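S.K.: The following comprises the amino acid sequence and a computationally predicted model.
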Amino acid sequence: MICDSIARYKRLSGENVIFITGVDEHGLKIQRTASHKGVDPQSHCDEISNIFIQNWKAWDITHNKFIRTSSQNHELMVHEFYSRVKKSDDIYMGVQKGWYCVGCEEFKDNPDNSPKHKCPIHQKNLEWKNEENLFFRLSKYQLQIEELVNKPSFIQPIQRRNEIINFVSKGLKDFSISRTNVSWGITVPEMDNHTFYVWFDALLGYVSAISSDMKDSSLEESINNGWPADIHLIGKDILRFHAVYWPAMLLSAGMKLPKKVLGHGFLTREGQKMGKSLGNVLDPNLLLTKYGKEAVRWYLLKDISLGSDGDFQNRRFVDIINNDLANTIGNLLNRTSSMSRKWFNNMVPKMEPSSNDNYLELYSTKKVKKYIKHFDSYELDLAANEILDFAIKINLYLNEKQPWILIKEKTNISNVSNIIYNVLESTRIIGLFLLPLLPDLSKNIDLQLGSIYKKEISWNEQLNWGLLKQESLLPPPSPIINKLEYD
Ligand SMILES: [Zn+2]
């Protein structure tokens, strides 16, 4: 949902967006899961991938590419990439010993800190590994990676950036990029008993996805058609792979580096970690059918600061949706369009040319600047809060002006026209603000204002004040979002 909102925002801002998501499908964890289920890994992956594809469809996620790393075009690109890295003399044979978490597919640094050798994320026992693997010369890129992670724009949020700087400052160690005991993976060329370490192959998905549906799908095609990425949005637990290992691999292959890596937090439920054993996992299908996607999007995007952990609380969720969307934004539009229809012959009123009430106009101009500034720096929660703040301000304006009292005196008619026009025009801007975050709600607002979004002029220009057409017809009001009830 975060990625989808960013992608929608960038498209509205006129950028050519390639929004990639997908699944990495190789490795020991998947091999074992398939074997426990008694199916071959490919069928297992087909089933899981399909769940994701169906889910994103149901939630109206607007990705342009869905990468599956078990696809043949991806395999070819991994081979191409590997040959570049090999040419840079960054591959050698060595022995890998250490404690490994199959869940993370990662060797752990300090298992001795935990008496039972357990993965702090998965709470499962680590496994001792000792095998001959191919290694990647990560240590060779120490200085370049240090410089990179110290760039203030590269890693977000700040607390995660410090963790990575700290990790890199301790000295980078070469890491193994092949396995001899994992058959479910991409075979290393000329080394039949080795498959690529899942991360070495998975990270390439960002690149292979770009040209996946082109006729001459290749590394070069991907590089020429969109690489490097402007942003990788990932979970905080895989930041090290994206901010350290991946850039070094790219440097070795002579490729450009992604501009930013943003690690988002984890979601808990009612203050507790979600897990199968606790039986408290949030079911996306249930959320969707029960509350609808706009409600869930608003809660997750507005109430959780990107980069921090978030908590899903049912009461808070219901309160926020009812308060923000139904009462504050929905009601504002409803009551104003009702007044307008009643007093101005079912139309948007005419603005008096002599009006000097530009309070909401000035406020709106300020809000546009703030909203764009927050969205550009990926502070979606702050952008969403600007919308809410704006709506609260408009409600206050309306309550102070009290047009329902003014209208009783005939001489006040032009004053009332101006007030109602200002409020309706502000709700148009709110609708546009909501477009990347809550596209369906935004479209409902548009319908209520008489379908006034203009395809022919850019979204940024539409944010200018005064585009709501005076004396245009208003359709009969209907609620733009339903109120929710407690469970
Ligand atoms: Zn783990």
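M.R.: Sure, I can see it.
S.K.: partners of the lowest-mean-pLDDT helix or strand in the chain, with directions?
M.R.: In the chain, the helix or strand scored least confidently by mean pLDDT, DSSP states H and E is strand 106-107, which has a mean of 89. Take DSSP bridges as the rule and strand 106-107 pairs in its sheet with strand 91-101 (antiparallel).
S.K.: List the buried residues in the partner strand.
M.R.: Residues I91, Q96, W99, Y100, C101 are the ones in strand 91-101 that count as buried (16 or more other C-beta atoms under 10 Å). All C-beta spots, glycine's among them, are computed from the backbone N, C-alpha and C.
S.K.: Just the C-alphas of that strand, formatted as PDB.
M.R.: Only the C-alpha atoms of strand 91-101 are listed here, as PDB (Å, rounded to 0.1, in the frame of the first residue of the first chain):
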ATOM      1  CA  ILE A  91      34.600 -14.700  -6.800                       C
ATOM      2  CA  TYR A  92      36.700 -17.300  -5.100                       C
ATOM      3  CA  MET A  93      36.300 -20.700  -3.500                       C
ATOM      4  CA  GLY A  94      36.400 -20.900   0.300                       C
ATOM      5  CA  VAL A  95      35.000 -22.600   3.300                       C
ATOM      6  CA  GLN A  96      31.900 -21.200   5.100                       C
ATOM      7  CA  LYS A  97      31.500 -22.100   8.700                       C
ATOM      8  CA  GLY A  98      28.900 -20.500  11.000                       C
ATOM      9  CA  TRP A  99      25.400 -20.500  12.500                       C
ATOM     10  CA  TYR A 100      22.700 -20.100  10.000                       C
ATOM     11  CA  CYS A 101      19.000 -19.200  10.200                       C
END
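S.K.: now what about it, what contacts it?
M.R.: Strand 91-101 has contacts (C-beta atoms under 8 Å, 6 or more residues apart in numbering) with 82, 85, 106-108, 111, 117, 119, 121-122, 124, 126-137, 174, 176-177.
S.K.: Repeat that for stretch 165-178.
M.R.: Residues contacting stretch 165-178 (C-beta under 8 Å, 6+ apart): 91, 94, 96, 107, 133-139, 141-142, 145-146, 149-150, 188, 191, 194-197, 200, 240, 244-245, 248.
S.K.: Disregarding flanking residues, what is the spatial nearest neighbour of the closest residue to the ion within the stretch 151-300 of the chain?
M.R.: In the stretch 151-300 of the chain, no residue comes nearer to the ion than D237, which is 8.1 Å away by C-beta to the ion. Once flanking residues are discounted, D237 sits nearest to I121: 5.7 Å by C-beta to C-beta, 6 or more residues apart in numbering.
S.K.: Tell me if that neighbour really is in a helix.
M.R.: No: according to DSSP: H, G, I helix; E, B strand; the rest coil, I121 belongs to no helix; its state is coil.
S.K.: residues near it, how many?
M.R.: 13 (other C-beta atoms under 10 Å).
S.K.: Same check on Y245?
M.R.: Neighbours of Y245 using other C-beta under 10 Å come to 20.
S.K.: Can you tell me which residues in this protein are near the ion?
M.R.: By C-beta under 5 Å from the ion, the residues of the chain that approach the ion are C101, G103, C104, C119, I121, H122.
S.K.: could the residues you listed be laid out in JSON lines, adding pLDDT?
M.R.: As requested, those are arranged in JSON lines below (pLDDT from 0 to 100):
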{"residue": "C101", "pLDDT": "90"}
{"residue": "G103", "pLDDT": "89"}
{"residue": "C104", "pLDDT": "89"}
{"residue": "C119", "pLDDT": "86"}
{"residue": "I121", "pLDDT": "82"}
{"residue": "H122", "pLDDT": "84"}
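S.K.: Among those residues, which one sits closest to I372?
M.R.: Closest to I372 out of the residues of the chain next to the ion is I121 (36.4 Å), distances taken as C-beta to C-beta.
S.K.: Would you check that the closest one makes contact with C104?
M.R.: Yes: counting by C-beta atoms under 8 Å, C104 is a contact partner of I121 at 6.3 Å.
S.K.: shared neighbours of the two, which are they?
M.R.: The contact lists of I121 and C104 share D237, where a contact means C-beta under 8 Å, 6+ apart.
S.K.: separation between the residue of the stretch 351-487 of the chain found nearest the ion and M351?
M.R.: Per C-beta to the ion, the residue of the stretch 351-487 of the chain with the smallest distance to the ion is Y378, at 27.2 Å. Noted for Y378: a distance of 37 Å to M351, by C-beta to C-beta, to the nearest Å.
S.K.: for the stretch 51-200 of the chain, what spans make up the helices?
M.R.: When assigned using DSSP state H, counting those that start in this stretch, the helices of the stretch 51-200 of the chain occupy the ranges 72-87, 142-150, 158-169, 198-202.
S.K.: deepest of those, which one?
M.R.: helix 198-202 (a mean of 25; mean count of other C-beta atoms under 10 Å).
S.K.: Restrict that one to CA atoms and write it as PDB.
M.R.: This file holds the C-alpha atoms of helix 198-202, laid out as PDB (Å, rounded to 0.1, in the frame of the first residue of the first chain):
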ATOM      1  CA  VAL A 198      19.100 -17.300  -2.500                       C
ATOM      2  CA  TRP A 199      19.900 -13.700  -1.800                       C
ATOM      3  CA  PHE A 200      22.500 -13.400  -4.600                       C
ATOM      4  CA  ASP A 201      19.800 -14.500  -7.000                       C
ATOM      5  CA  ALA A 202      16.800 -12.700  -5.300                       C
END
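S.K.: From the chain's centroid, how far away is that helix?
M.R.: Distance, stretch centre to chain centre, for helix 198-202: 22 Å (C-alpha atoms, centre = their mean, to the nearest Å).
S.K.: Please apply the same query to stretch 69-77.
M.R.: Distance of stretch 69-77 from its chain centroid, counting by C-alpha atoms, centre = their mean, is 25 Å.
S.K.: what comes into contact with it?
M.R.: Contact partners of stretch 69-77, identified using C-beta under 8 Å, 6+ apart, comprise 22-26, 42, 45, 67-68, 186, 201-202, 204-205, 207-208, 211-212, 217-219, 222.
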